[in-house]
Structure formats: C-alpha cells, structure tokens
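>>> Show me the folded form of this:
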Amino acid sequence: MSAYPYPPAQPMVNLDPTMVTTALELPGYKIVRSLGVVRGIVVRSRNIFATLGAGLQTILGGNITLYSQLCEKTRQDAFIMMMQHAAQHGGNAVIMARYDANELMQGVTEVLAYGTAVYVEKL
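Have a look, this model is predicted:
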C-alpha cells in the first residue's frame, strides 16, 4: 500500500490515541507485525492578526497564548494525520512516536509527527 497520497484533513481516525507511545513497546500488548514508518505533516503560517496580537503580548511578557494555541493545534493535526496513516497501513498502534519542527521561511513552520506503525495484540 502506498504512503501517498496523504489522507484528507478531516476523515475519521480508526486508531485510539492511547495506542500511541514514545516507547519501544506498548505495555500489556505484544507486537505481532511492524508496518513501517508513518507520518503526519502540517505546514502552517501565522496570520497577520495573530502576529499583531502576539507582538502586543510580547510587550507584556509571559506566555504568548496566540502562538501556544497555534502550535498546539498544528501538533494535534500532525498527530491525527500520523494515526490515520498508521490505520491505512493496517496498524492499531504506533510506537516510537516523535515530533519534529522546522521553520521553512519566516512565519512558515512545518510540524512532523512520525513513528512506527505496528499491529499489536493484548497479552
């Protein structure tokens, strides 16, 4: 099964988020099959209003909530895409899940969620 095209942005996710771990194994489960690397990638830019609002928040100091919310939403979207990719490949869990982020150009950031899709059975 091909890794492309990526799943559409909003379809149903068939994978339970509790079946995703950063560990090498999922406690209480036995890995029956390893299905390979899966990923979800989101590229976002800041809008002018968020940039202006964040600029005002930097004057006051502290947490810049507009950027925190944008980052959290982007990570969540990448995570969901990774789970969809795993489900497309027949996985019911993801091990060794990680995030990576890169600034592609000023104001444009890529967030990648990736891991190894596996099929597990309860012990």
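
>>> ok, now which ones touch the spatially most central residue of the chain?
By C-alpha atoms, centre = their mean, the chain has its centre lying nearest to residue 79, at 2.3 Å. Going by C-beta atoms under 8 Å, 6 or more residues apart in numbering, residue 79 touches 17, 20, 40, 113. For the C-beta atoms, the positions are set from N, CA and C on the backbone; glycine is no exception.

>>> State the pLDDT value of it.
pLDDT for residue 79: 96.

>>> isn't there a helix covering it?
Yes. Residue assignment for residue 79, taken from DSSP: H, G, I helix; E, B strand; the rest coil, places it within a helix.

>>> so how far is residue 39 from it?
11 Å (C-beta to C-beta, to the nearest Å).

>>> what's the overlap in contacts for the two?
By the contact definition C-beta under 8 Å, 6+ apart, residue 79 and residue 39 are jointly contacted by residue 113.

>>> Where do the strands of the protein begin and end?
Chain-ordered strands for the chain, with DSSP state E as the definition, fall at 29-45, 93-105, 108-122.

>>> would you turn these into CSV with distance to residue 68?
CSV is the format used below for the strands of the chain (distance: least, C-beta to C-beta, whole Å):
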stretch, distance to residue 68
strand 29-45, 13
strand 93-105, 14
strand 108-122, 13
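
>>> most tightly surrounded among those?
strand 108-122 (a mean of 18; mean count of other C-beta atoms under 10 Å).

>>> Output it as CSV, restricted to C-alpha atoms.
Extracted C-alpha coordinates of strand 108-122, given in CSV (Å, rounded to 0.1, in the frame of the first residue of the first chain):
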residue,chain,number,x,y,z
VAL,A,108,6.0,29.4,8.0
THR,A,109,6.6,26.3,10.1
GLU,A,110,6.5,22.6,9.3
VAL,A,111,5.5,20.1,12.1
LEU,A,112,6.0,16.4,11.5
ALA,A,113,4.7,13.7,13.7
TYR,A,114,6.2,10.3,13.0
GLY,A,115,6.6,6.8,14.4
THR,A,116,6.5,3.1,13.6
ALA,A,117,3.0,1.6,12.8
VAL,A,118,2.5,-1.8,14.4
TYR,A,119,-0.2,-4.3,14.8
VAL,A,120,-0.5,-5.4,18.4
GLU,A,121,-2.4,-8.0,20.4
LYS,A,122,-3.3,-7.8,24.1
